[in-house]
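1. 3D model of this:
(2 chains)
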Amino acid sequence: RKEVEQDPGPFNVPEGATVAFNCTYSNSASQSFFWYRQDCRKEPKLLMSVYSSGNEDGRFTAQLNRASQYISLLIRDSKLSDSATYLCVVNTGRRALTFGSGTRLQVQP
Amino acid sequence: GAGVSQSPSNKVTEKGKDVELRCDPISGHTALYWYRQSLGQGLEFLIYFQGNSAPDKSGLPSDRFSAERTGGSVSTLTIQRTQQEDSAVYLCASSLEVIGADTQYFGPGTRLTVL
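-> Numbers count the residues shown, from 1 in each chain, chains lettered A, B, ... in the order given. The predicted structure is shown next:
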């Protein structure tokens, strides 16, 4: 079983739609959680950290459920520029990050 | 300020040759990481350097892979006797490695193609 699992997608949604991505992780001792965004042929960039209480940054909302070992990302009012691959990332305490394979989002006009 | 830089951006080599990939982390970042990403895959951890501590080499896939970090700054990843399965994008990242500020910043990567 992979340490971090994501639905690979692709998710094809129209502009303005709300889309949700889910991620599960296997190591219950995991300490910190992130969503990174990766554009085609570019390096990953931090989108947002994920906190136990849930957190919001503009159109993006991230939630963490430690009991279920589940992380989610909600994008409201999708823009064309949101098209990218979204990587669920977990710090298992090994210092290096553990990445999911990513969920590809394509927002269509 | 300047971000993480990597060179070369692209490298094409023949099977069996050695290659060296370079990473310049963000100034002041004490932690440096190497990952690789094969086509359509997630990032795979290779090696981690933190200050003067012994590196965490647990992700290196074989003894053909090695890395060093000189003077706590620039790092070089060396792949000896390259194989076709080594073809991937090799990404370097750095971070402050301070509790609560462990965001990793990635360089643009080196795309390695082994023919």
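
2. rest of the way, CA atoms for contacts and neighbours
-> Will do.

3. any idea of the mean pLDDT in stretch A:14-21?
-> Mean pLDDT, computed over stretch A:14-21, is 96.

4. now stretch A:45-54
-> On average, stretch A:45-54 scores 89.

5. compute the first-to-last residue distance for it.
-> Between the opening and closing residues of stretch A:45-54 there is a gap of 20 Å (CA to CA, to the nearest Å).

6. now it: buried residues?
-> For stretch A:45-54, burial by neighbour count (16 or more other CA atoms under 10 Å in any protein chain shown) applies to A:K45, A:L46, A:M48, A:S49, A:V50, A:Y51.

7. quick check: the two most widely separated of those?
-> Farthest-apart pair in the buried residues of stretch A:45-54 is A:K45 and A:Y51; separation 17.9 Å (CA to CA).

8. which residue sits closest to whichever residue of chain B sits closest to chain A, ignoring its sequence neighbours?
-> Here chain B gets closest to chain A at one residue, B:G42, 3.8 Å apart by CA to the nearest CA. Setting aside the residues directly before and after it, B:G42 is nearest to A:S101 in space (CA to CA, 6 or more residues apart in numbering or on different chains), at 3.8 Å.

9. list the contacts for that neighbour?
-> Contacts for A:S101 (CA atoms under 8 Å, 6 or more residues apart in numbering or on different chains) come out as A:V4, A:E5, A:Q6, A:P8, A:L87, A:C88, B:G40, B:Q41, B:G42, B:L43.

10. could you give the bridge partners of the closest residue to B:Y48 other than its chain neighbours?
-> Leaving aside its sequence neighbours, B:Y48 sits nearest to B:Y33 (CA to CA, 6+ apart; 4.5 Å). Beta bridges link B:Y33 to B:Y48, B:A93 when assigned by DSSP bridges.

11. show me the contacts of A:S101 that map onto strands.
-> The strands, defined by DSSP state E, take in A:V4, A:E5, A:Q6, A:L87, A:C88, B:L43 from the contacts of A:S101.

12. of the residues you listed, closest to B:T78?
-> B:L43 (18.3 Å).

13. is the lowest-mean-pLDDT helix or strand in chain A in proximity to chain B?
-> Least confident helix or strand, chain A: strand A:97-99 with a mean of 87, by mean pLDDT, DSSP states H and E. Yes. Interface with chain B: strand A:97-99 contributes A:L97, A:T98, A:F99 (CA under 8 Å from any CA of the partner chain).

14. show me which of these is closest to chain B.
-> Closest approach between those and chain B, by CA to the nearest CA: A:F99, at 5.8 Å.

15. just give me the neighbour total for the closest one.
-> Residues within reach of A:F99, counting by other CA atoms under 10 Å in any protein chain shown, total 25.

16. what of B:N52?
-> Neighbours of B:N52 (other CA under 10 Å): 11.

17. that one against B:S73, yeah?
-> No. Look at B:N52 against B:S73 with CA atoms under 8 Å: they stay out of range, at 10.7 Å.

18. which bits of chain A sit near chain B?
-> Proximity of chain A to chain B (CA under 8 Å from any CA) is limited to residues A:42-46, A:87, A:95-102.

19. just give me the residue right at the centre of chain B.
-> B:W34 (3.0 Å; CA atoms, centre = their mean).

20. all strands for the chain, in order.
-> I went with chain A, as the question did not name one. Using DSSP E, strands in chain A cover A:4-6, A:11-14, A:19-25, A:32-38, A:45-50, A:55-57, A:60-65, A:70-75, A:84-91, A:97-99, A:103-108.

21. that's the wrong chain, I wanted chain B
-> For chain B, strands defined by DSSP E occupy the ranges B:5-7, B:10-13, B:19-24, B:31-37, B:43-50, B:65-69, B:75-79, B:88-95, B:105-106, B:110-114.
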